[in-house]
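Asker: I would like the atomic coordinates for the input below:
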Amino acid sequence: MNDKIKHNGTVVSIDRSKVCVRILQTSACSACKVASHCNAAESKEKIIEVSTAASADYVIGDTVVVSTSPSAVSRAMTIAFVFPFLVMVAAVLIALWITSDEILSALIGLGVLVPYYLIIYFLGERVTRGVSFEIEKTNE
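Answerer: Presented below is the predicted three-dimensional model:
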């Protein structure tokens, strides 16, 4: 059973161990369960960096298929949306319990998201380790 999430794309740049692929939004995005939360569904064009040992096999302009597993998408969704939501709700409840000020609690709840996303940004490679893409050439 092939349950991978796939996008057709074009190679735009090649590095030693990375291939950058431009993917375009397709009508398949509208059928995807996570389309409303996915950056690919929000933009017409997205550049995906695919780590591969076979980067020498690709040429700029090649038509390729970039794929990932649903579990990788779930992991990315959890990191990007579920954890920060839980952190924000916890911060609001704790601040509300301590201060009894709803506006201040709401601001604190929003404020804790800044360090959360900064940590995600600076930990980059470690956080995205389980979220990987695969690349293969098409027959076009």
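Asker: So which residues of the protein form helices?
Answerer: For the chain, the helices defined by DSSP state H cover 28-31, 39-42, 70-77, 83-99, 102-111, 113-127.
Asker: Read off the pLDDT value for the residue lying farthest from the centre of the chain.
Answerer: Distance from the C-alpha centroid of the chain peaks at Ser100, with 36.3 Å (C-alpha atoms, centre = their mean). With respect to pLDDT, Ser100 scores 92.
Asker: Next up, phi/psi of it, please.
Answerer: phi 60, psi 20 (degrees, to the nearest 10).
Asker: could we number from 36 for the rest of this?
Answerer: Fine by me, first position is 36 from now on; the one you just mentioned is Ser135.
Asker: Kindly state the domain boundaries assigned to this structure.
Answerer: For the chain, the structural domains run 40-65+76-104+166-172, 106-163, going by the TED database.
Asker: could you say what helices and strands the longest strand along the chain packs with?
Answerer: When the chain is parsed with DSSP state E, its longest strand is strand 40-49. Contacts defined by 3 or more C-beta pairs under 8 Å, 6 or more residues apart in numbering; DSSP states H and E place strand 40-49 against strand 53-59, strand 80-86, strand 98-103. Heads up, the C-betas are built off the backbone N, CA and C, glycines and all.
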